[in-house]
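3D, please:
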Amino acid sequence: MNKIVLGLTLIASTLLADIKWAKSYEQALIQAAKEKKNVMLMLSKEECPACEYMEGVVFEESAIQDSINAKFVSVHIDVQKDKIPAGLGFMGTPTFYFLNAKGAKLKRHDGAANIPDFMAILNSVKK
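A predicted model of the protein is given here:
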């Protein structure tokens, strides 16, 4: 019986674990101010192998999800479809900006990163 409960708990936690993405940059800033968090903004585009790696491998890691959800309000912007906020450029995708709740840049990271390196990036962003 305990194994069944444990199994169901693990399945439920896996289904519920996910990065919580804000619907827009503006909403992310408002939410970050309310929750006293920073913003993690990801600039990407369709058919970008490095973006797919981040979404399909790195962002699937529960420790990454937990860290992002605890410290940041996340927002994803498709550079081919969405308006890029003023002052935030890119040379390639993905590009990550870490911003305070007022939109001031704290850190920028260009390109994909493996799980340990991305965790180090997340941990290096100061409030």
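
show me where the chain has strands.
Taking DSSP state E as the criterion, the chain contains strands spanning 21-22, 38-44, 72-78, 95-99, 105-110.

need those in a markdown table (columns: mean neighbour count and distance to residue 122).
All C-beta spots, glycine's among them, are computed from the backbone N, C-alpha and C. Listed next are the strands of the chain as a markdown table, based on neighbours: other CB atoms under 10 Å; distance: least, CB to CB, whole Å:
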| stretch | mean neighbour count | distance to residue 122 |
| --- | --- | --- |
| strand 21-22 | 18 | 16 |
| strand 38-44 | 23 | 8 |
| strand 72-78 | 22 | 8 |
| strand 95-99 | 23 | 8 |
| strand 105-110 | 15 | 10 |
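
want to throw the ones you listed into a markdown table with distance to residue 85 and mean pLDDT?
Shown next, in a markdown table, are the strands of the chain (distance: least, CB to CB, whole Å; pLDDT from 0 to 100):
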| stretch | distance to residue 85 | mean pLDDT |
| --- | --- | --- |
| strand 21-22 | 13 | 98 |
| strand 38-44 | 8 | 98 |
| strand 72-78 | 8 | 98 |
| strand 95-99 | 9 | 98 |
| strand 105-110 | 11 | 98 |
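
between those, which one is closest to residue 50.
strand 38-44 (8.4 Å; CB to CB).
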